[in-house]
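Engineer: can you look at this prediction? I've put the sequence above it.
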Amino acid sequence: MSNIAVANPNVSSKKQVLSADIVPGELLVKFKQPFTSNKTRAKAGRFKARSKSQFKALGIELWKLDKSQNLENTIAQLQADPSVALVEPNYRRYPRMISTRAGHYTQDESRLNDLNLPKLWAIEETAYRIQNKVKVAVIDDAFAINHEDLQANIVLPYDAIDGGSDPSPEVCVIPGTNTPTYASDDPFYIESHGTLVAGVVGAVSNNSKGIDGAGDNASIIPIRIGCNYSVSYELQAFNYAIQQDVDIINISWGGPQFSEMERLGIVDLLKEDILIVTAAGNFDADNDRITDYPSGLDLPNILSVAAVSDSQVLLPWSQYGQTSVDIAAPGNLITTLSRNGSYSQSVRGTSFSAPFVAGVAASLLARSSEQTSALDLKAAIMASATPFSDGLKARLATDGYVDAYAAYEALINPAPLPVISKIEIDDSADTGNDNGVVDPGEIVIMKITLDNVGLKADSISAILSSSTLGGIKTAFSNDFPGFDRVNYQYGRVVLEFIGVDFSEYYQVQNVDFTLHLTSHYGVDELAQVSRSFTVDTGSLEIGKPVNNTIRSNDDNQDEFHYYHVNLDNVEDELVITLTMAEQNYDIDILVKYDSPPQFSYEDYENATILDKYEIDTKSGFENGNDETVTIKNPSIGTYHIVVIADDDIKESDMAYTITAKTTSNDISNTAAGCSIGQSNKIDPLFYFLLIISLWRISRYPQKISN
């Protein structure tokens with residue numbers, strides 16, 4: 001929700017490529033200057049590669065390497081080539097669907113009512129939009145475009161793989177194999193996901209058949225990218241969407257690997273005023289900590305969507321993020337279209353939350369003026385957020401789900417709309433240790449970055465409160481600008497709250513905060529909103545066990561616990577242990593120096609993949625309930641720890657004990673006032689005193705006092 005940057009600040013140069021997350025032997029190349037086809041072929045030939053596709057609008061090429069070539073070595077060589085601006089593997093993405101459950105048919109009308117769409121649809125479309133129908137591009141694996149409940153809304157279908165106009169499902173080939181799979185009971189390895197998604201947003205309304213789509217008969221442009229969901233075909237789809245002047249793009253897939261090519265492609269969509277509605281993911285995880293792509297890209301035209309139940313509660317498997325996920329929509333027990341011409345009952349996942357919101361955006365746009373922009377739509381949808389029925393807070397930027405009619409009211413009556421985009425802890429003062437996280441006894445400066453998704457405000461005032469810590473702090477800014485349409489970035493202010501006092505707080509848990517914001521705009525007009533967030537206080541003291549519990553799947557988002565431990569002295573070893581009394585469950589730990597561990601939610605239980613993905617992360621992945629990570633010769637500073645529950649067996653609460661211990665070289669024996677560690681290493685001070693004593697003896701050998 002903020003500024004466009006040339007580089008992504010979340011990506012680490014130490015990350016390695018997950019083999020499962022790339023298309024084998026393929027890479028994307030962007031040259032500093034446009035090359036002719038002959039020059040491109042010659043350049044590719046020197047690297048034993050061929051140019052497989054060219055995305056001329058983006059200035060990017062897809063290369064296929066000869067089997068004799070090593071992908072990482074070729075990338076390194078191309079990075080050193082002065083003619084190359086950017087090179088990266090052809091990353092894969094994954095559909096955000098969980099499963100299909102038989103035997104429970106849910107009428108789609110209930111979901112449409114949950115979104116308050118019928119009330120919005122009662123408003124007539126504008127004359128301009130009747131003549132210029134809203135276009136929604138659905139980019140996905142494939143589409144049954146002749147489905148009786150979809151065909152009438154299909155326009156300009158496209159296959160980004162072969163450049164043709166038939167996006168129909170085909171046999172899916174698993175990456176890295178030649179094995180075709182086409183089993184009707186496996187939605188992940190057949191090209192059926194796109195039809196399911198397209199049905200939610202684009203099923204024909206008022207035709208006395210099946211279901212009604214959330215898009216109110218908007219024009220649906222289906223763009224096939226195949227079941228491997230590679231970034232290369234995603235870029236080709238973006239290129240086609242720009243050519244066809246689409247208004248909205250739905251993306252119901254994502255992955256753990258950052259792609260600069262993907263980011264540049266979405267920047268081009270931003271410049272064309274195209275709204276991107278994305279699925280946040282289904283791994284019960286915090287996208288603020290481990291970025292999901294493309295939903296977590298820091299770009300103003302991305303609207304990231306979590307999943308809410310039919311009782312308006314954030315679903316326990318939905319990914320979330322108090323700065324990175326914007327709003328929620330239905331994602332459970334959804335009825336939609338299937339590729340065989342019938343209907344799929346009770347599908348689940350943020351794959352379906354996203355097209356509900358894309359449909360709301362299309363319905364809003366159909367009732368708006370020609371001047372309404374993609375960012376106007378995003379602001380209106382975020383302003384419509386209705387609180388979750390259980391009062392859950394500090395999970396999303398808006399902590400609520402979409403209300404289509406409220407979004408329409410926000411669209412015709414715009415106002416400033418501040419959202420939190422970053423929270424920083426400055427503990428560099430006397431009471432702190434300057435590690436950027438809260439430790440017991442600290443009094444800190446809390447820096448909160450606000451992005452203005454709505455109208456420009458003349459000023460903004462803020463009151464920060466915490467029911468945990470007590471007390472309030474205030475801050476003020478004389479200016480809160482709106483969106484900068486020249487530099488394509490949101491207006492932004494950083495508010496500093498000085499003296500936030502954790503000095504009496506020693507518990508290991510999250511501390512809740514509420515930020516009450518008042519924007520002043522127009523002629524004495526006020527816009528008020530509250531934003532909730534939490535701050536970690538997971539500091540482990542050496543040698544002191546901490547007892548904690550990972551809650552069962554009946555509760556929301558409690559699969560990952562974060563801690564840190566500070567080392568102030570040189571030690572032989574740092575040992576992190578986790579024990580559980582219950583033998584039937586499995587909890588794992590990751591430890592990393594100086595920053596939180598990064599890992600793939602798709603395969604977090606696989607230790608081999610994790611080691612390849614983050615080379616400086618230590619893992620404890622024993623099969624069972626006791627885990628140990630030992631770090632030899634640890635560095636002075638802060639180690640970050642994540643505790644991970646195995647979601648497949650997380651059926652009841654999991655109690656555990658975590659402890660950080662060190663083996664010091666200054667523990668037991670002493671001689672001449674100098675410490676000698678258990679490892680029999682002699683303290684350097686001992687050598688110094690011994691040398692001084694020998695020097696004095698050699699200088700005065702006969703001097704003995706009587």
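Structural biologist: Nice, I can see it.

Engineer: those helices in the chain, which residues are they?
Structural biologist: 37-46, 71-79, 108-114, 117-121, 127-131, 193-202, 231-243, 260-271, 350-365, 374-383, 404-412, 607-613, 684-699 (DSSP state H).

Engineer: can you redo the ones you listed as CSV with mean pLDDT, mean neighbour count and distance to Q598?
Structural biologist: Just so you know, the C-beta spots here come from the backbone N, C-alpha and C atoms, and that holds for glycine as well. Shown next, in CSV, are these (pLDDT from 0 to 100; neighbours: other Cβ atoms under 10 Å; distance: least, Cβ to Cβ, whole Å):
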stretch, mean pLDDT, mean neighbour count, distance to Q598
helix 37-46, 83, 13, 32
helix 71-79, 93, 15, 19
helix 108-114, 83, 18, 35
helix 117-121, 96, 19, 38
helix 127-131, 93, 12, 44
helix 193-202, 96, 31, 27
helix 231-243, 96, 24, 19
helix 260-271, 95, 20, 17
helix 350-365, 98, 31, 21
helix 374-383, 97, 25, 28
helix 404-412, 98, 20, 35
helix 607-613, 39, 17, 7
helix 684-699, 54, 11, 38
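
Engineer: wait, which of the ones you listed is closest to Q528?
Structural biologist: Closest approach to Q528 among the helices of the chain (Cβ to Cβ): helix 374-383, 12.1 Å.

Engineer: and the chain, what are its domains?
Structural biologist: 19-91, 94-412, 422-532, 539-664, 670-699 (automatic domain parsing).

Engineer: just these: most buried one?
Structural biologist: domain 94-412 (a mean of 22; mean count of other Cβ atoms under 10 Å).

Engineer: between the two ends of it, what distance do you get?
Structural biologist: End-to-end distance for domain 94-412: 37 Å, by Cα to Cα, to the nearest Å.

Engineer: returning to that earlier point: rank the domains of the chain by pLDDT, which is bottom?
Structural biologist: Among the domains of the chain, domain 670-699 has the lowest mean pLDDT, at a mean of 45.

Engineer: need the contact list for the residue nearest to R551 when sequence neighbours are not counted.
Structural biologist: Among residues not flanking R551 along the chain, D558 sits closest, at 4.1 Å (Cβ to Cβ, 6 or more residues apart in numbering). D558 is in contact with 284, 550-551, 645, counting by Cβ atoms under 8 Å, 6 or more residues apart in numbering.

Engineer: if we use 10 Å, what do you get?
Structural biologist: If you count contacts by Cβ atoms under 10 Å, 6 or more residues apart in numbering, D558 has them with 284, 316, 549-552, 645, 650, 653-654.

Engineer: dump these into a markdown table; add distance to V438 as well.
Structural biologist: Output for these, formatted as a markdown table (distance: Cβ to Cβ, whole Å):
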| residue | distance to V438 |
| --- | --- |
| D284 | 24 |
| P316 | 27 |
| T549 | 21 |
| I550 | 21 |
| R551 | 22 |
| S552 | 28 |
| A645 | 24 |
| K650 | 28 |
| D653 | 26 |
| M654 | 25 |
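
Engineer: quick one: which of those is nearest S389?
Structural biologist: P316 (14.4 Å).

Engineer: so how far is N38 from that closest one?
Structural biologist: 56 Å (Cβ to Cβ, to the nearest Å).

Engineer: so G499 versus H520, what's the distance?
Structural biologist: 25 Å.

Engineer: for S530, which non-adjacent residue is spatially closest?
Structural biologist: Excluding its sequence neighbours, the residue lying closest to S530 (Cβ to Cβ, 6+ apart) is H516, at 5.1 Å.

Engineer: P596 too?
Structural biologist: The nearest residue in space to P596 (Cβ to Cβ, 6+ apart) is H640, at 4.4 Å.

Engineer: beta partners for the one you found?
Structural biologist: Beta-bridge pairing for H640 (DSSP bridges): H564, K592.

Engineer: swap in I220?
Structural biologist: V136, I154.

Engineer: now do the contacts for it.
Structural biologist: I220 neighbours (Cβ under 10 Å, 6+ apart): 134-138, 143, 145, 150-157, 198-199, 201-204, 213, 250, 355, 358, 362.

Engineer: measure the residue nearest to R551 to F533 for me?
Structural biologist: From D558 over to F533 (counting by Cβ to Cβ), the distance is 17 Å.

Engineer: next: N487.
Structural biologist: Distance, N487 to F533, using Cβ to Cβ: 27 Å.

Engineer: what's the answer for T474, then?
Structural biologist: 17 Å.

Engineer: tell me who's in contact with P330.
Structural biologist: P330 touches 106, 108, 110-112, 114-115, 200, 214, 307-310, 312, 315, 352-353, 356-357, 401-402, counting by Cβ under 10 Å, 6+ apart.

Engineer: now distance to A394 too, for the helices of the chain, in CSV please.
Structural biologist: Putting the helices of the chain into CSV (distance: least, Cβ to Cβ, whole Å) gives the following:
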stretch, distance to A394
helix 37-46, 50
helix 71-79, 40
helix 108-114, 23
helix 117-121, 28
helix 127-131, 38
helix 193-202, 28
helix 231-243, 32
helix 260-271, 27
helix 350-365, 19
helix 374-383, 16
helix 404-412, 22
helix 607-613, 28
helix 684-699, 50
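
Engineer: so what's Y343 bridging to?
Structural biologist: L337.

Engineer: thought it was touching L337?
Structural biologist: Yes - using Cβ atoms under 10 Å, Y343 is in contact with L337, at 6.1 Å.

Engineer: common neighbours of those two, please.
Structural biologist: Joint contacts of Y343 and L337 (Cβ under 10 Å, 6+ apart) are 147, 149, 196, 199, 203, 210-211.

Engineer: and which of those residues is nearest S51?
Structural biologist: L196 (34.1 Å).

Engineer: against P222, how distant is that closest one?
Structural biologist: Taken as Cβ to Cβ, the span from L196 to P222 is 12 Å.

Engineer: could you do T657 as well?
Structural biologist: Distance from T657 to P222, by Cβ to Cβ: 52 Å.

Engineer: same deal with D286?
Structural biologist: 33 Å.

Engineer: ok, V87 touching K43?
Structural biologist: No - using Cβ under 10 Å, V87 makes no contact with K43, being 11.6 Å away.

Engineer: which residues touch the closest residue to S465 other than its chain neighbours?
Structural biologist: In this structure, S465 finds its nearest non-sequential neighbour in I472, 4.7 Å apart by Cβ to Cβ, 6+ apart. Going by Cβ under 10 Å, 6+ apart, I472 touches 463-466, 497, 514, 516.

Engineer: in TSV, list these along with distance to A385.
Structural biologist: Shown next, in TSV, are the contacts of I472 (distance: Cβ to Cβ, whole Å):
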residue	distance to A385
I463	20
L464	21
S465	20
S466	22
F497	24
T514	15
H516	16
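
Engineer: quick check, nearest of the residues you listed to N70?
Structural biologist: F497 (51.0 Å).

Engineer: and the closest one, bridged to which residues?
Structural biologist: M446.

Engineer: please tell me how far it sits from D376.
Structural biologist: 31 Å.

Engineer: quick one: the strands in the stretch 301-450 of the chain?
Structural biologist: Assigned by DSSP state E, counting those that start in this stretch, the strands in the stretch 301-450 of the chain fall at 302-308, 327-330, 334-337, 343-347, 386-387, 400-401, 418-426, 443-452.

Engineer: got the angle between the last one and strand 418-426?
Structural biologist: The directions of strand 443-452 and strand 418-426 differ by 150 degrees, with axes from the mean of the first three to the mean of the last three Cα atoms, to 10 degrees as the criterion.
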